[in-house]
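A.B. asks: Predicted model and sequence below, questions to follow.
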Amino acid sequence: MIQKLARESQIDGIQYLLQQMKLEGISCSEDLFVIVIDSYRQKGLVEQALKMFYRIKEFGCEPTVKIYNRVLDALLSENRLSMINPIYGCSPNIYTFSSLMKGYFKAGRVHEAFVCWNRMVREGIETNTVFYNTVIHGLCSNGKVNEALSLSYQMEENGWPPNVVSYSSLINGFAKVSDLVGASETWNVMMSNGCHPNVVAYTSMVDVLCRHCMFDCARSLIEKMVLENCTPSTVTFNAFIKGLCSNGRVDWAMKALDEMKHYGCVPNIITYNELLDGLFKVNRLKDAYVIVQEIEEKGIEWNLVTYNTIFSGFCHAGMLEDALQLLGKMLIRDNGIVIPCTVKMLAASDTAAAASLDFRLFISTCYSPGKIVLERASLFFTENISFHTRLDSPMVRSSSTDAWELLCGSGFFIFIWCYPT
């Protein structure tokens, strides 16, 4: 019954059944408790998962390393490293240490990850291929590619030959630091060792080739992917499109957009953001509008980068009214995502419209109905204000009275230099 409720994410029902089992003296098995922990994780209730683990004995089940590892995974999925504590009676295994190190690497705490490894060695737990791949990926994601490469040699010396996952992480690491030589040499070693590249390896090579403006080579590699029955992904084409747009090759990028659809790759908001950025940079406003319409028609949700890209594009083109209309469409959400104000760009036009728009931007970014965010207001004025406006500006007077009153009522005083007309 609990399994059925778990599949339907019925947390309340699971809690009720557990309580009934407890009252009737029915013990909960290890596998059943794993299902319970996974259910909490799927609903994003990692704190409740931890609390339930601490109460495990109430339900006639002993804490085991298998259950602890599932709790650990749940906490790390939400970056809750600070909530992780050792559980007495549970002896950690290789999976426990791998998960912990993955969490430390993800948080950029490389030193602590290796402290964790040293403890694992002291406890006599042997490494394996999965463990080494976790460390190689962690080092690469923190920019320590040469250390990761050295570890791959050590890995082989210890009887664990690197596999396609190891090489893919290394190639991706070299690509992120634009090291074409390192990526190419690793690719050649991978091929000579009989490892067939996966989509990650191909995508990383496309990325690094584009970073060096080798677009023909990148295009040929995508064609090779197809011949090798490794279908390009959306991420592959995003890397290609980004490289093209960054170098003004927007016509080719637009063709790549059509091509990716041919391969069944669905463009996402990242794809469109790269295209919009490239089109605005070369002043292709009509084409940018077409892309915006396509995003809207497909119902793809805009993110912060989308708003910033379009807003910045309008400002560079001197289309201040369009920028204001775009801003009006944006809703300030409770999660604190707002459009950063590019007021210095606006102020460079030295117009009354720019100053008025700046003030509205300030109101929009710092105010939502019934709530004021002073940190945003302070940051706005200390970092972005580079213009002088007038308190009797029509737009200032027409701005949200509630927002203005909340600002002043919260003890936040704004000094605006007034220049005579």
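C.D. replies: Yep, that arrived. Computed from a predicted structure; not experimentally measured.

A.B. asks: Buried residues in stretch 166-186, which are they?
C.D. replies: Residues of stretch 166-186 classed as buried: 166-176, 179-180, 182-183, 186 (neighbour count, 16 or more other CB atoms under 10 Å). Every residue, glycine included, has its C-beta placed from N, CA and C.

A.B. asks: ok, now how distant is the nearest residue to residue 233 once chain neighbours are set aside from residue 52?
C.D. replies: Spatial nearest neighbour of residue 233, excluding adjacent residues (CB to CB, 6 or more residues apart in numbering): residue 199 at 5.3 Å. Relative to residue 52, residue 199 is positioned 38 Å away (CB to CB, to the nearest Å).

A.B. asks: Residue 250 too?
C.D. replies: For residue 250, the distance to residue 52 - CB to CB - is 53 Å.

A.B. asks: in the stretch 201-350 of the chain, which segments are predicted with low confidence?
C.D. replies: Along the stretch 201-350 of the chain, the model assigns pLDDT under 70 to residues 320-350.

A.B. asks: With just CA atoms, put the host helix or strand of residue 103 into CSV.
C.D. replies: Assigned by DSSP states H and E, residue 103 falls within helix 94-106. C-alpha atoms of helix 94-106 as CSV (Å, rounded to 0.1, in the frame of the first residue of the first chain):
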residue,chain,number,x,y,z
ILE,A,94,32.1,3.4,-0.8
TYR,A,95,28.8,4.9,-1.9
THR,A,96,28.6,7.0,1.3
PHE,A,97,32.0,8.5,0.7
SER,A,98,31.4,9.0,-3.0
SER,A,99,28.1,10.9,-2.3
LEU,A,100,29.8,13.1,0.4
MET,A,101,32.7,13.9,-1.9
LYS,A,102,30.3,14.8,-4.7
GLY,A,103,28.5,17.2,-2.3
TYR,A,104,31.7,18.8,-1.3
PHE,A,105,32.9,19.2,-4.9
LYS,A,106,29.5,20.7,-5.9
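
A.B. asks: May I see the buried residues of that helix?
C.D. replies: Result for helix 94-106 [16+ other CB under 10 Å]: buried residues 95-106.

A.B. asks: packing partners for it?
C.D. replies: helix 65-77, helix 110-122, helix 129-141 (3 or more CB pairs under 8 Å, 6 or more residues apart in numbering; DSSP states H and E).

A.B. asks: who's in contact with it?
C.D. replies: Residues outside helix 94-106 that contact it (CB atoms under 8 Å, 6 or more residues apart in numbering): 65, 68-69, 72-73, 75-76, 79, 81, 84, 110, 112-113, 116-117, 119-120, 125-128, 130-131, 134-135, 137-139, 141-142.

A.B. asks: just stretch 25-34 next, same as before
C.D. replies: Under the criterion CB under 8 Å, 6+ apart, residues 2-3, 18, 21, 36, 56, 59-61, 64, 66-67, 70 lie in contact with stretch 25-34.

A.B. asks: Mind listing what's buried along it?
C.D. replies: Buried-residue list, stretch 25-34, by 16+ other CB under 10 Å: 28, 32-34.

A.B. asks: helices or strands up against the helix or strand containing residue 174?
C.D. replies: Using DSSP H and E, residue 174 sits in helix 164-176. Judged by 3+ CB pairs under 8 Å, 6+ apart, helix 164-176 is in contact with helix 129-141, helix 145-157, helix 180-192, helix 199-211.

A.B. asks: Flag every buried residue along the second one.
C.D. replies: For helix 145-157, the buried set under the neighbour-count rule, 16+ other CB under 10 Å, comprises 145, 148-149, 151-152, 155.

A.B. asks: ok, now stretch 127-142?
C.D. replies: Under the neighbour-count criterion of 16+ other CB under 10 Å, stretch 127-142 has 127-128, 131-142 buried.

A.B. asks: So what's the gap between it and the chain middle?
C.D. replies: Distance of stretch 127-142 from the chain centroid (CA atoms, centre = their mean, to the nearest Å) equals 20 Å.

A.B. asks: got the contact list for residue 260?
C.D. replies: 232, 234, 237, 267, 271.

A.B. asks: 10 Å instead, please
C.D. replies: The contact partners of residue 260, taken as CB atoms under 10 Å, 6 or more residues apart in numbering, are 222, 232-234, 236-238, 240-241, 266-267, 271.

A.B. asks: Let me know whether residue 316 touches residue 288 as I believe.
C.D. replies: No: in this structure, residue 316 is not within contact of residue 288 by CB atoms under 10 Å, at 11.4 Å.

A.B. asks: quick one on the thing from earlier: tell me which of the buried residues of helix 145-157 is nearest to residue 282?
C.D. replies: residue 145 (33.4 Å; CB to CB).

A.B. asks: circling back: can you pick the most crowded of the contacts of residue 260?
C.D. replies: With neighbours taken as other CB atoms under 10 Å, the top of these is residue 241, carrying 29 neighbours.

A.B. asks: right, and the helix or strand after the host helix or strand of it?
C.D. replies: Following DSSP H and E, one finds residue 241 within helix 234-246. With elements assigned by DSSP H and E, the helix or strand that comes after helix 234-246 is helix 250-262.

A.B. asks: next helix or strand past that next one?
C.D. replies: Counting by DSSP H and E, the element after helix 250-262 in chain order, helix or strand, is helix 269-281.

A.B. asks: Mind giving me the packing neighbours of that following helix?
C.D. replies: Judged by 3 or more CB pairs under 10 Å, 6 or more residues apart in numbering; DSSP states H and E, the packing partners of helix 269-281 are helix 234-246, helix 250-262, helix 285-297, helix 304-316.

A.B. asks: Make TSV from those helices and add distance to residue 277 to it.
C.D. replies: Shown next, in TSV, are the helices and strands packed on helix 269-281 (distance: least, CB to CB, whole Å):
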stretch	distance to residue 277
helix 234-246	6
helix 250-262	10
helix 285-297	9
helix 304-316	5
